[in-house]
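A.B. asks: need a structure here:
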Amino acid sequence: MNCRGSGARARAGATVVAAAVTVVVLALPACSATSTGAVRKTAVTLTATPRASTSSRPAPPPPKPTPTPKPTPKPQPSSLPLAPPDAGTLPQTQQLPSSTDTAFNNAIHDIWLAITSGDPDYALPAFFPEKAYEQVKAIYDPDSDWQNRLWYDFKLDVSALRPYVSPHAKLLRVIFPSLYTAWVLPGGCYNNIGYWHAPGARVVYEQGGVTRSFGIASFISWRGVWYVIHLGALTRAAAVGVVDDPETGPGTAGPPGGC
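C.D. replies: As a prediction, the model looks like this:
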């Protein structure tokens, strides 16, 4: 048998098994004759090494931290207006104010806020306007009297109420004695012009499950709106705060009189 020819046929007849891991190839590295003259074939097994993947994915980014929700800020209290800011510069009218309208409710809101917070400035919109006081009073330097007596006394009275009214006290109602309301004529109480005067209102509130009250000494009018002008007392012997008739229960409104 021709060895060259047999090799060619052997290569042609070689079986290649395609597998994921092993490839078997039949090869004739040499021709050797057996005693019978047959060609002996040697089987060689080749193990294929798996190829590393050429495609690599980037590592996923770390998860973003969940932001901590910010607490909702607590709304800050604020004063409420009774009239336009320039009302004190306008002329007086004889209109009788109401004790049930929005302006009066705003006045009570501001006064109560000043008392429960301890900050008298909250009551400025509810306090008799300084420019209106200049028109009312026939005295020397009404501005100074407004600043150093009226407003100063009001601040002292707010401080005096602190032991009686806690920040968490609940306002129930205001008793307004309309029957004591009177028009103060020009010339009385050192006045250039007249105004309505309402004495002896009562603020009724609940604190610690108990109903309590105190008085507001004097409201006066400007252009049909009630403003507080004396909280604890109309007059006082010294520069000290005064609480008008603090009582357990609603107390008694009044008395009439004053200006």
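A.B. asks: what is the least confident helix or strand in the chain?
C.D. replies: Lowest by mean pLDDT, DSSP states H and E among the helices and strands of the chain is strand 22-27, with a mean of 38.
A.B. asks: now residue 166: closest residue in space, sequence neighbours ignored.
C.D. replies: Once flanking residues are discounted, residue 166 sits nearest to residue 207: 5.8 Å by CB to CB, 6 or more residues apart in numbering. C-beta coordinates here come from the backbone N, C-alpha and C atoms, glycine included.
A.B. asks: residues contacting the nearest residue to residue 182 once chain neighbours are set aside?
C.D. replies: Nearest in space to residue 182, with sequence neighbours left out and distances taken as CB to CB, 6+ apart, is residue 197 at 5.6 Å. Residues counted as contacts of residue 197 (CB atoms under 8 Å, 6 or more residues apart in numbering) are 181, 182, 183, 184, 218, 219, 220, 221, 258, 259.
A.B. asks: repeat that for residue 171.
C.D. replies: Neighbouring residues of residue 171 by CB under 8 Å, 6+ apart: 108, 112, 203, 204, 205.
A.B. asks: in TSV, list those residues along with distance to residue 79 and pLDDT.
C.D. replies: Below are the contacts of residue 171 laid out as TSV (distance: CB to CB, whole Å; pLDDT from 0 to 100):
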residue	distance to residue 79	pLDDT
108	12	98
112	11	98
203	17	98
204	22	98
205	19	98
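A.B. asks: looking at these, which has the most residues close by?
C.D. replies: Neighbour tally across the contacts of residue 171 (other CB atoms under 10 Å): the maximum, 25 neighbours, falls on residue 203.
A.B. asks: dump the longest helix seen in the chain to CSV, restricted to CA.
C.D. replies: Looking across the chain with DSSP state H, the single longest helix is helix 102-117. Extracted C-alpha coordinates of helix 102-117, given in CSV (Å, rounded to 0.1, in the frame of the first residue of the first chain):
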residue,chain,number,x,y,z
THR,A,102,-63.6,91.3,60.7
ALA,A,103,-61.7,94.3,62.0
PHE,A,104,-62.7,93.7,65.6
ASN,A,105,-62.0,89.9,65.3
ASN,A,106,-58.6,90.8,63.9
ALA,A,107,-58.0,93.2,66.8
ILE,A,108,-58.8,90.4,69.4
HIS,A,109,-56.5,88.0,67.4
ASP,A,110,-53.6,90.4,67.6
ILE,A,111,-54.1,91.2,71.3
TRP,A,112,-54.4,87.5,72.2
LEU,A,113,-51.3,86.7,70.2
ALA,A,114,-49.3,89.4,71.9
ILE,A,115,-50.4,88.1,75.4
THR,A,116,-49.9,84.4,74.7
SER,A,117,-46.5,84.9,73.0
